[in-house]
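S.K.: give me the fold of what follows.
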Amino acid sequence: MIDVLGPEKRRRRTTQEKIAIVQQSFEPGMTVSLVARQHGVAASQLFLWRKQYQEGSLTAVAAGEQVVPASELAAAMKQIKELQRLLGKKTMENELLKEAVEYGRGKKVDSARALIARGWGVSLVSRCLRVSRAQLHVILRRTDDWKDGRRSRHSDDTDVLLRIHHVIGELPTYGYRRVWALLRRQAELDGMPAINAKRVYRIMRQNALLLERKTAVPPSKRAHTGKVAVKESNQRWCSDGFEFRCDNGEKLRVTFALDCCDREALHWAVTTGGFDSETVQDVMLGAVERRFGNELPASPVEWLTDNGSCYRANETLQFARMLGLEPKNTAVRSPESNGIAESFVKTIKRDYISVMPKPDGLTAAKNLAEAFEHYNEWHPHSALGYRSPREYLRQQASNGLSDNRCLEI
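M.R.: The predicted model follows:
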């Protein structure tokens, strides 16, 4: 039984007294509980004093404050040193950038060379100015007689400019890529070195011959993940129609068929009437005769069209199957599904119909025949490596290759 005699005054011990009690607990045969009982101190309090004593802070023991472990103190000191190092590094970078500003707003490489000449390190300069260190090393090791080949080159562009004027004089809607393709083709025929496309771009830019940039077209909200193009010829043909008006008000309607690999216009028909099944059948027959002569295709060829009535008529479908064609229709309100034919309509209207004479229907039809022939023989196509359809076919035949190199869109 424990007797409670009454309230007693709390005793406050000095630092020396606490140290003496702690040291006594370390003596042989002594325990924390025994020493605490001898001095009237709680065992938990004495255990806390021992811990503080071992961490080496007598002041904290005297004041009863929390002691910071030596490991945490070492980590804090290490962090302080790292911050001091970073501060010194940033100070140097700041001084370097102040000097770099003195050289004006020239190229950063020139400023970097000037700073290195004044004694700054290559690594520090490259890091601060964000210049390639390897490039700085190359520049610093150049000889005194080094010349920039790009600036010292004085090429005569007169002949090339004349040829460019000749091309755009006949084909004013061609951009620099297609102009370059025609110049390349002519150089190959003449056995001359090919002209670089960048050189053509530079000459046309310097002489204000470039076309205006196309306006940005907002992307379609309908996702189109399919591929219209195929890897080999005579696997899929596409067909569509368009109309245009002559100067005398006469309206002509054109139906055509294209190969979805080599982009050749296989056959076309023009009429002053509407788009009917009979015209489509004539285009089908002409396309088959163009590719297979009097024979029929060994395997069915896909016939890709939209959902026009002339394409979905029973007579058209039956005639297509008789010719070895397999009719395929695009989804409703999805012109992207027949994108090759739609793109051809834009090309033929922009590059040919817009610039050719068309006073009446008969003259327009004759000029349209020349336009289709020029398209097949000369028009560079980006999907064919800027070759024309027939040029691409001849190249494939001469190399003994299949049409697997035909790009997809």
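
S.K.: you'd agree Asp240 is in a strand?
M.R.: Yes. Counting by DSSP: H, G, I helix; E, B strand; the rest coil, Asp240 is found in a strand.

S.K.: verify the stated contact: it with Phe256.
M.R.: Yes. The pair Asp240 and Phe256 passes the contact test of C-beta atoms under 8 Å, sitting 6.9 Å apart. No exception for glycine: its C-beta is placed from N, CA and C like everyone else's.

S.K.: overlap in contacts of the two?
M.R.: Each of Ala341, Phe344 lies in contact with both Asp240 and Phe256 under the rule C-beta atoms under 8 Å, 6 or more residues apart in numbering.

S.K.: helices along the stretch 1-150 of the chain, start to end?
M.R.: Here the stretch 1-150 of the chain has its helices, by DSSP state H, counting those that start in this stretch, at 15-25, 32-39, 43-54, 58-63, 70-101, 108-117, 122-129, 133-140, 149-152.

S.K.: show me what the first one is packed up against.
M.R.: Using 3 or more C-beta pairs under 8 Å, 6 or more residues apart in numbering; DSSP states H and E as the contact criterion, the secondary-structure elements in contact with helix 15-25 are helix 32-39, helix 43-54, helix 58-63.

S.K.: also the fifth one?
M.R.: Contacting helix 70-101 under the criterion 3+ C-beta pairs under 8 Å, 6+ apart are the following elements: helix 108-117, helix 122-129.

S.K.: mind putting those in CSV, distance to Glu264 and mean pLDDT included?
M.R.: Listed next are the helices and strands packed on helix 70-101 as CSV, based on distance: least, C-beta to C-beta, whole Å; pLDDT from 0 to 100:
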stretch, distance to Glu264, mean pLDDT
helix 108-117, 51, 82
helix 122-129, 54, 83
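
S.K.: quick one: closest of those helices to Leu162.
M.R.: Closest to Leu162 of the helices and strands packed on helix 70-101 is helix 108-117 (C-beta to C-beta; 37.4 Å).

S.K.: can you give me the buried ones in that closest one?
M.R.: Lys108, Ser111, Ala112, Arg113, Ala114, Leu115, Ile116 (16 or more other C-beta atoms under 10 Å).

S.K.: so, low pLDDT: which residues of the stretch 201-350 of the chain?
M.R.: 223 (pLDDT under 70).

S.K.: just to revisit the earlier point, and which of the buried residues of helix 108-117 is nearest to Lys147?
M.R.: Arg113 (16.4 Å).

S.K.: thought the closest one was touching His137?
M.R.: No. Arg113 is beyond contact range of His137, at 11.5 Å (criterion: C-beta under 8 Å).

S.K.: out of the buried residues of helix 108-117, which is nearest to Glu377?
M.R.: Relative to Glu377, the closest of these is Lys108; by C-beta to C-beta it sits at 50.3 Å.
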